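>>> all I have is the shape, not the residue letters:
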């Protein structure tokens, strides 16, 4: 074979080789894309299922809490009012009858208010700021500790599911603070940063060592719940220095 | 016209202009001879390689890099900017220092340009298999995928034929012509995809909207 002929063959084969290489590369890319697409779909489905499960759990927990609250209200408030109404209406004195009727009217108002909490529609009608304010007021009313709320109203627009999860997570954070931390002050700050919205729940209670493994899964569950709505959960605490929890949602 | 379609339209106009200019140089021999003489080429006054070098292998390569940039995820766009900068500087240096003459074959500049295009195509394919937005789409219905594929073929296949073209015309003209035809076919394919890119809004039945359309 002549050297010139050799070079011509090299040119032909290198062209064919490059063509084959490029074709293989493109076809391989399409196959990898398909494979990754299916993996991605499975991941999204799994996340969706997890999200739905979380929302269902949150709704159940809120409903259970609502039922216990209704039980307490029926026993401590409405029951008392009805007893008073009965006593007054059974009285022989006419002026007591008027008081009795007033008690009955009060019972009707209380029952109406209670009936509204039976379904989760209240979640849509209330803003997160209002909810937090109500919770802090309740805590303060017990005289257990002082509370304050500082908000720039950056969470005023939220999807119902996000609001449900946040309500539950905040409730849990407050419950934990009251149960374990014995704080003098609980402060909630709501603010917007350049890339996220943040709720900071901090107390000046006992605090705890975050490096020690906890027997419960409460914090892990809270972090998981925040993840299902695309948010993040950060906790910082030290013994004697209180606890600070940050809940972040991207803008 | 949407900004996303304006750039392919501009490139298409540029290709049409260059093709007509190339045709004119073959028609007006005196003009071609004058330009060749101005560039220092009195030996081959019939050549219009200077035109192909500047318009196709340098400017069109840069335009293709910018086109690929518009389909990349934001974090990868900076690589294209750097590549364009390096390519422009290298091409100028090589031509000013006369390492590669403007009126002859420029294998080094073409090799650098072709490798940059291949690297940019690689960035696109990495995005295709890792980026969330691309993973939700069907690549066969994306014009960007077809354009990148043809660019990949164009720059890899024409590289061998273009650097060996003069040699082949001397030793085996018929093979040289066949290899040259590969380039011609791929150029037609690439230009056709430019037409489809411009017409994409009217072809929604066949092609999907580019995942990064909104961010451009």
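Perfect, I can see it now. What you see is a predicted model; the values in this text were computed from it and never measured. Numbering: from 1, shown residues only, chains lettered A, B, ... in the order given.
>>> show me the helices in chain B, by range?
Here chain B has its helices, by DSSP state H, at B:3-27, B:29-38, B:49-51, B:61-69, B:77-96, B:107-130, B:132-135, B:143-163, B:165-171, B:173-199.
>>> so what secondary structure elements neighbour the last one?
Packing partners of helix B:173-199 (3 or more C-beta pairs under 8 Å, 6 or more residues apart in numbering or on different chains; DSSP states H and E): helix A:3-72, helix B:3-27, helix B:143-163, helix B:165-171. Just so you know, the C-beta spots here come from the backbone N, C-alpha and C atoms, and that holds for glycine as well.
>>> still on that earlier bit, let's have the helices of chain B in JSON lines, adding mean pLDDT.
Output for these, formatted as JSON lines (pLDDT from 0 to 100):
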{"stretch": "helix B:3-27", "mean pLDDT": "89"}
{"stretch": "helix B:29-38", "mean pLDDT": "89"}
{"stretch": "helix B:49-51", "mean pLDDT": "89"}
{"stretch": "helix B:61-69", "mean pLDDT": "94"}
{"stretch": "helix B:77-96", "mean pLDDT": "95"}
{"stretch": "helix B:107-130", "mean pLDDT": "92"}
{"stretch": "helix B:132-135", "mean pLDDT": "89"}
{"stretch": "helix B:143-163", "mean pLDDT": "87"}
{"stretch": "helix B:165-171", "mean pLDDT": "76"}
{"stretch": "helix B:173-199", "mean pLDDT": "87"}
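>>> residue B:80 contacts residue B:73, correct?
No. Contact status for residue B:80 versus residue B:73: not in contact, 11.6 Å apart, counting by C-beta atoms under 8 Å.
>>> higher neighbour count, these two?
Higher neighbour count among residue B:80 and residue B:73: residue B:80, with 21 against 18, using other C-beta atoms under 10 Å in any protein chain shown.
>>> nearest residue to the more buried one other than its sequence neighbours?
residue B:69 (4.0 Å; C-beta to C-beta, 6 or more residues apart in numbering or on different chains).
>>> quick one, what contacts that neighbour?
B:77, B:80-81, B:120 (C-beta atoms under 8 Å, 6 or more residues apart in numbering or on different chains).
>>> buried residues in stretch A:126-146?
For stretch A:126-146, the neighbour count (16 or more other C-beta atoms under 10 Å in any protein chain shown) marks A:128-129, A:131-133, A:135-136, A:139, A:145 as buried.
>>> return the residues of chain A in contact with chain B.
Residues of chain A lying close to chain B (C-beta under 8 Å from any C-beta of the partner chain) are A:4, A:7-8, A:11-12, A:14-15, A:18-19, A:21-22, A:25-26, A:29-30, A:32-33, A:36-37, A:40.
>>> can I get the buried part of those as one ChimeraX selection?
Selection of buried members from those for ChimeraX, criterion 16+ other C-beta under 10 Å:
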select /A:8,11,15,18,22,25,26,29,30,33,36,37
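>>> what about residue A:177, neighbour count?
By other C-beta under 10 Å, the residues close to residue A:177 number 25.
>>> check contacts around the residue of the stretch 51-200 of chain A found nearest chain B.
In the stretch 51-200 of chain A, the residue that lies nearest chain B is residue A:195 (14.6 Å; C-beta to the nearest C-beta). Applying C-beta under 8 Å, 6+ apart, we find residue A:195 in contact with A:250-251.
>>> and it, its phi and psi?
Main-chain torsions, residue A:195, degrees, to the nearest 10: phi -130, psi 0.
>>> pLDDT score for it?
For residue A:195, the pLDDT comes out at 84.
>>> now swap in the one 3 residues further on and tell me
Confidence per residue is given as pLDDT, and for residue A:198 that number is 91.
>>> helix/strand/coil for the nearest residue in space to it that is not next to it in sequence?
Using C-beta to C-beta, 6+ apart and skipping the chain neighbours, the partner closest in space to residue A:198 is residue A:248 (5.1 Å). Assigned with DSSP: H, G, I helix; E, B strand; the rest coil, residue A:248 falls in the strand class.
>>> in the sheet, who's paired with residue A:248?
Note on residue A:248: beta-bridge partners residue A:198, residue A:232, judged by DSSP bridges.
>>> and it, what is it in contact with?
Residues in contact with residue A:248 (C-beta under 8 Å, 6+ apart) are A:196-198, A:226, A:231-234.
>>> make a PyMOL selection of whichever of the residues you listed turn out to be buried.
Here is the PyMOL command that selects the buried residues among the contacts of residue A:248 (16+ other C-beta under 10 Å):
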select buried, chain A and resi 196+197+198+226+231+233
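>>> now residue B:72, what are its backbone angles?
Backbone phi and psi, for residue B:72 under degrees, to the nearest 10, turn out to be phi -90, psi 160.
>>> next one: residue A:95
phi -60, psi -30.
>>> from residue B:138, how far out is it?
82 Å (C-beta to C-beta, to the nearest Å).
>>> out of these two, which sits in the more crowded spot?
Applying other C-beta under 10 Å to residue A:95 and residue B:138 shows that residue B:138 carries more neighbours, namely 14 against 9.
>>> in the stretch 51-200 of chain A, which ranges drop under the pLDDT threshold?
Along the stretch 51-200 of chain A, the model assigns pLDDT under 70 to residues A:119-120.
>>> which residues are in contact with residue 7?
No chain in the question, so chain A it is. Neighbour list for residue A:7: B:167, B:171 [criterion: C-beta under 8 Å, 6+ apart].
>>> nope, chain B
B:66-67, B:70 are the contacts of residue B:7 under C-beta under 8 Å, 6+ apart.
>>> try it again at 10 Å.
Residue B:7 makes contact with B:63, B:66-67, B:69-70, B:197-198, B:216 under the criterion C-beta atoms under 10 Å, 6 or more residues apart in numbering or on different chains.
>>> likewise residue B:103?
With contacts defined as C-beta under 10 Å, 6+ apart, the neighbours of residue B:103 are B:35-45, B:47-51, B:53.
>>> recalculate using a threshold of 8 Å.
So residue B:103 contacts B:36, B:39-41, B:44, B:47, B:49-50, B:53 (C-beta under 8 Å, 6+ apart).
>>> dump the residues you listed to a markdown table, plus distance to residue B:15 and neighbour count.
A markdown table is the format used below for these (distance: C-beta to C-beta, whole Å; neighbours: other C-beta atoms under 10 Å in any protein chain shown):
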| residue | distance to residue B:15 | neighbour count |
| --- | --- | --- |
| B:36 | 23 | 22 |
| B:39 | 23 | 16 |
| B:40 | 28 | 11 |
| B:41 | 25 | 18 |
| B:44 | 25 | 11 |
| B:47 | 21 | 20 |
| B:49 | 18 | 20 |
| B:50 | 18 | 20 |
| B:53 | 16 | 22 |
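>>> nearest to residue A:219 among those residues?
residue B:53 (65.7 Å; C-beta to C-beta).
>>> apart from its neighbours in sequence, what residue is nearest the closest one?
In this structure, residue B:53 finds its nearest non-sequential neighbour in residue B:106, 5.2 Å apart by C-beta to C-beta, 6+ apart.
>>> in helices, which of the buried residues of stretch A:126-146 fall?
A:128-129, A:131-133, A:135-136, A:139.
>>> report pLDDT for residue A:225.
We have a pLDDT of 84 for residue A:225.
>>> check which helix or strand covers it.
Assigned by DSSP states H and E, residue A:225 belongs to helix A:218-228.
>>> got a list of contacts for that helix?
The contact list for helix A:218-228 (C-beta under 8 Å, 6+ apart) reads A:47, A:50-51, A:54-55, A:58, A:165, A:168-169, A:172-173, A:176, A:232-233, A:235, A:247-248.
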